[in-house]
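Undergrad: Coordinates for the following, if possible.
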Amino acid sequence: MQFSSLDLAPDLQRALVACGYSEMTPVQQQAIVPARRGKDLQVTAQTGTGKTAAFAIPLLQRMLDKPKATAERRPRALILTPTRELAEQLADAITAYAQFLPLSVTALYGGVKMGGQANKLIAGVDMVISTPGRLLEHMALGNVILSDVEFVVLDEADRMLDMGFITDVMKLLQMTATTRQTLLFSATTSPAVNELSHKILRNHQQVRVTRVNSTADTVNHVVYAVEESRKIDLFEQLLAEHNWFQVLVFTSTKEQADQLLAGLQKRKIDAAVCHADKSQGARRRAIAEFKSAKLQVLIATEVAARGLDIQGLDYVVNFNLPYLPEDYVHRIGRTGRAGASGNAISFVSREDEQTLERIQKLIGSDIKRIVKPGFEVSNRGSLLKSISRKVLSGRSNKASETVIELQGNASAKPKAKPRRKG
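TA: Numbers count the residues shown, from 1 in each chain. Below you'll find the model as predicted:
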């Protein structure tokens, strides 16, 4: 289905052509028309399927259908998103869609001074894209008033639930117009997401473009069995053998990310990290250098698992498997986007086997296992048997020691009682 069939405003259609948009993705086909009609939506679609255009295009069109003068401090549309990186990315994309329209777009997020953001809000902005915390800060300072907000989008709602933002989100929604249209977008579904949908949506329509918690068909999944202590060695060897470039690597903690960076730098591999301890400027520089191919490896924690859109990214490596199986879906969603092929490579130590089983159950398929010569590990079953033998052996030794001690006490001659002086 072509965008040209939607009968959009000429300047909006012109912008989509300028952006190279012609054929709609499945989520766009299913979401744009009902959203344009004013319907509340709960949309479940994996990352990289074109969700931004699926909600931005109908909202821009609806704002054009009922034009209003831009008002100081009073936006008409609000998009809430969990991370700074995603807020910036959404602002870039939607600004491109609105490049020929009389509508203004701005992004609000922490890690930068509030002055410039405040000036834009006070002057008047039609669409605000923000993280929940930064928007509450601006509200407390009187920089923005939400009572005129007619359109609300919760992007990556499942991630906002995971990150504990939902209390802030509910506070913000209470400040918006009671007649607002609300669109909830999520990469995965869960009882918590469904409960949230019923709280904030009215007579909503559900849109699901893939099976629940699925991954893109364009992604090739493999796991390498490897000892935890040898993961850096394996990663370096795979980089050299396969000539991988622009590899996005996920670790589970900031400490793991820093350790991997130090290991790669010793090996003269151009790499950088992106995690919460880095300043916003440092994170932006790292992402920009990675996108421009100045870096071979970008190491990230979950903070970058959402919203990091890099065209043509071929490889995502899980240096450590995520604690939550759903986060595996989010992480590997950085590759295989918009129909392109991609590779999701995971390093699995013996201790990770149960986590791997949960991931395979979630995505509904087994992941191909590769054993790299020189990096073989004993299987988990052998490990458990070995531990059991040691435990039993320890118990046996303790039992023997107890018997010997008891026997020794029995054979010892009793001490003579002291005689009483009469």
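Undergrad: ok, now how distant is residue 270 from residue 290?
TA: 10 Å (Cβ to Cβ, to the nearest Å). Any C-beta I mention is one placed from the backbone N, CA and C, and that applies to glycine too.
Undergrad: ugh, wrong one, residue 321
TA: 22 Å.
Undergrad: Please apply the same query to residue 352.
TA: From residue 352 to residue 290 the distance is 26 Å (Cβ to Cβ).
Undergrad: Kindly report the same for residue 108.
TA: Distance from residue 108 to residue 290, by Cβ to Cβ: 24 Å.
Undergrad: Give me the neighbour count for the nearest residue to residue 244 once chain neighbours are set aside.
TA: Closest residue to residue 244 apart from its sequence neighbours, by Cβ to Cβ, 6 or more residues apart in numbering: residue 315 at 5.4 Å. By the criterion of other Cβ atoms under 10 Å, residue 315 has 20 neighbours.
Undergrad: pLDDT value on residue 315, please?
TA: Note on residue 315: pLDDT of 87.
Undergrad: List the contacts of it.
TA: 244, 246-248, 335, 342-343, 345 (Cβ atoms under 8 Å, 6 or more residues apart in numbering).
Undergrad: Identify the farthest-apart pair in those.
TA: 246 and 345 (13.6 Å; Cβ to Cβ).
Undergrad: if you count what's nearby, which of these two comes out ahead?
TA: Using other Cβ under 10 Å, the more surrounded residue of residue 246 and residue 345 is residue 345, with 23 against 17.
Undergrad: if I look at the more buried one, how far off is residue 319?
TA: For residue 345 relative to residue 319 (Cβ to Cβ), the value is 9 Å.
Undergrad: For residue 352 and residue 290, indicate the residue with more neighbours.
TA: The neighbour comparison of residue 352 against residue 290 (other Cβ under 10 Å) goes to residue 290, with 25 against 20.
Undergrad: How about the secondary structure of that one?
TA: helix (DSSP: H, G, I helix; E, B strand; the rest coil).
Undergrad: Use 33 as the first number for this chain going forward.
TA: Yes, from this point I'll number from 33; that puts the last item at residue 322.
Undergrad: and the gap between the nearest residue to it once chain neighbours are set aside and residue 351?
TA: Sequence neighbours aside, residue 330 is the residue nearest to residue 322 in space, at 4.1 Å (criterion: Cβ to Cβ, 6+ apart). Distance, residue 330 to residue 351, by Cβ to Cβ: 12 Å.
Undergrad: Can you check which residues contact both of the two?
TA: With contacts defined as Cβ under 8 Å, 6+ apart, the residues shared by residue 330 and residue 351 are residue 281.
Undergrad: Which parts of the stretch 33-182 of the chain are helices?
TA: 42-50, 58-68, 83-97, 116-129, 147-155, 164-172 (DSSP state H, counting those that start in this stretch).
Undergrad: coming back round to it: quick check, the residue nearest to residue 322 in contact with residue 277.
TA: No - checked against Cβ atoms under 8 Å, the pair residue 330 and residue 277 is beyond contact range at 11.3 Å.
Undergrad: Who has more neighbours out of these two?
TA: For residue 330 versus residue 277, neighbours defined as other Cβ under 10 Å are more numerous around residue 330 (25 against 13).
Undergrad: State the distance from that one to residue 379.
TA: For residue 330, the distance to residue 379 - Cβ to Cβ - is 17 Å.
Undergrad: what stretches of the stretch 183-332 of the chain score poorly on pLDDT?
TA: For the stretch 183-332 of the chain, applying pLDDT under 70 flags the ranges 242-250, 312.
Undergrad: For it, which segments are assigned as helices?
TA: Using DSSP H, counting those that start in this stretch, helices in the stretch 183-332 of the chain cover 189-194, 198-206, 223-232, 263-274, 286-298, 312-323.
Undergrad: Between the two ends of stretch 274-291, how far is it?
TA: In stretch 274-291, first residue to last residue: 23 Å (Cα to Cα, to the nearest Å).
Undergrad: Only the buried residues of it, if you could.
TA: Buried residues in stretch 274-291, counted by 16 or more other Cβ atoms under 10 Å: 276, 278-284, 286, 288-289, 291.
Undergrad: cool, and stretch 385-399?
TA: Those would be 385, 387-388, 391-392, 394-395, 399, for stretch 385-399 by 16+ other Cβ under 10 Å.
Undergrad: Just the endpoints, please. Distance across stretch 148-166?
TA: OK, stretch 148-166 end separation, Cα to Cα: 13 Å.
Undergrad: chain center to it, what's the gap?
TA: Put simply, stretch 148-166 sits 24 Å off its chain's centre (Cα atoms, centre = their mean, to the nearest Å).
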